[in-house]
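Visitor: Below are the sequence and a predicted model; questions follow.
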Amino acid sequence: GAVVSQHPSWVICKSGTSVKIECRSLDFQATTMFWYRQFPKQSLMLMATSNEGSKATYEQGVEKDKFLINHASLTLSTLTVTSAHPEDSSFYICSVMGRADYEQYFGPGTRLTVT
Amino acid sequence: KQEVTQIPAALSVPEGENLVLNCSFTDSAIYNLQWFRQDPGKGLTSLLLIQSSQREQTSGRLNASLDKSSGRSTLYIAASQPGDSATYLCAGGSEKLVFGKGTKLTVNP
């Protein structure tokens, strides 16, 4: 399977600031990456689909101007949480779609805390 | 809209027991059904992937089955060990995955 990394693994920021989270596919080129959010004791909810070289596709209810996604290369997608609020505190996980059969490989996640 | 439900929400068993985790989905037009393991505060580890044309997959002590007609999948864990303690998530879909809320498994030594 694919090896996916995320950076940072955890971050604390003040309300109103922006924070960028990176997702890297380490061992193959990924045309499609996904961003999920997981609140405590809840399941993963898909936020957006990130396609290399094109605009991300956001799920219903996810503000595209607040959660900026950039997939500038086949190995890197970034999620920027702009003007963060405490309710944005969550666990953000990215995944990479594999070469075949739509199998997804997940990163280790980023814990965001907004104070 | 696809909905995925996992039962039970939590399960505690003694070491060595065989156990079954259940997953049901509302839309049978799925391409894949994946089972994942998530340790506290960590990301997801893919355990098994069953394609829509398949009925089951096995990896070591794990066996997952898929019955599209009934909208169900099960994850069978044989001879459970304390190291199996984690939350197990199932997810169905094609390009986009819809996740259940998971079953939190505790295996007691």
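Guide: On my side now, so go ahead. Remember, predicted model here, so these are calculated numbers, not experimental data.
Visitor: All the strands of chain A, residue numbers only.
Guide: A:4-7, A:10-13, A:19-25, A:32-38, A:44-51, A:57-58, A:67-73, A:76-81, A:90-97, A:104-106, A:110-114 (DSSP state E).
Visitor: can the last one be found next to chain B?
Guide: In this case it means strand A:110-114. Yes: applying C-beta under 8 Å from any C-beta of the partner chain, one finds strand A:110-114 in contact with chain B at A:Arg111. Glycine gets a C-beta too; all of them are placed from N, C-alpha and C.
Visitor: tell me which residues form a beta bridge with the closest residue to A:Glu87 other than its chain neighbours?
Guide: Spatial nearest neighbour of A:Glu87, chain neighbours left out: A:Val114 (7.9 Å); criterion: C-beta to C-beta, 6 or more residues apart in numbering or on different chains. Beta-bridge partners recorded for A:Val114 (DSSP bridges): A:Cys13.
Visitor: how close does A:Val114 get to B:Lys42?
Guide: To B:Lys42, A:Val114 is 21 Å away according to C-beta to C-beta, to the nearest Å.
Visitor: Quick check: bridge partners of the most centrally placed residue in chain A?
Guide: By C-alpha atoms, centre = their mean, chain A has its centre lying nearest to A:Trp35, at 3.6 Å. In this entry, A:Trp35 is beta-bridged to A:Ala48, A:Cys94, by DSSP bridges.
Visitor: Now do the contacts for it.
Guide: A:Trp35 makes contact with A:Cys23, A:Leu46, A:Met47, A:Ala48, A:Ser50, A:Phe67, A:Ile69, A:Ser77, A:Leu79, A:Tyr92, A:Ile93, A:Cys94, according to C-beta atoms under 8 Å, 6 or more residues apart in numbering or on different chains.
Visitor: For chain A, give me the ranges with low pLDDT.
Guide: A:99-101 (pLDDT under 70).
Visitor: Chain B contacts on that one?
Guide: A:1, A:6, A:32, A:34, A:42-46, A:49, A:91, A:93, A:95, A:97, A:101-109, A:111.
Visitor: of those residues, buried ones?
Guide: In the residues of chain A next to chain B, burial by neighbour count holds for A:6, A:32, A:34, A:43-44, A:46, A:49, A:91, A:93, A:95, A:97, A:102-109, counting by 16 or more other C-beta atoms under 10 Å in any protein chain shown.
Visitor: follow-up on the earlier one: the residue nearest to A:Glu87 contacts A:His85, doesn't it?
Guide: Yes: between A:Val114 and A:His85 a contact is recorded at 6.0 Å, counting by C-beta atoms under 8 Å.
Visitor: Residue 51 - how many residues pack around it?
Guide: I went with chain A, as the question did not name one. A count of nearby residues for A:Asn51, using other C-beta atoms under 10 Å in any protein chain shown, gives 17.
Visitor: meant chain B, my bad for not saying
Guide: As a burial measure, B:Gln51 scores 16 neighbours (other C-beta under 10 Å).
Visitor: residue contacts, residue 11?
Guide: Defaulting to chain A. Contacts of A:Val11 by C-beta under 8 Å, 6+ apart are A:Val19, A:Ile21, A:Thr110, A:Arg111, A:Leu112, A:Thr113.
Visitor: was after chain B, sorry
Guide: B:Leu11 neighbours (C-beta under 8 Å, 6+ apart): B:Leu19, B:Leu21, B:Thr103, B:Lys104, B:Leu105, B:Thr106.
Visitor: What residues are bridge-paired with the fifth one?
Guide: The bridge-partner assignment for B:Leu105, based on DSSP bridges, gives B:Leu11, B:Ala86.
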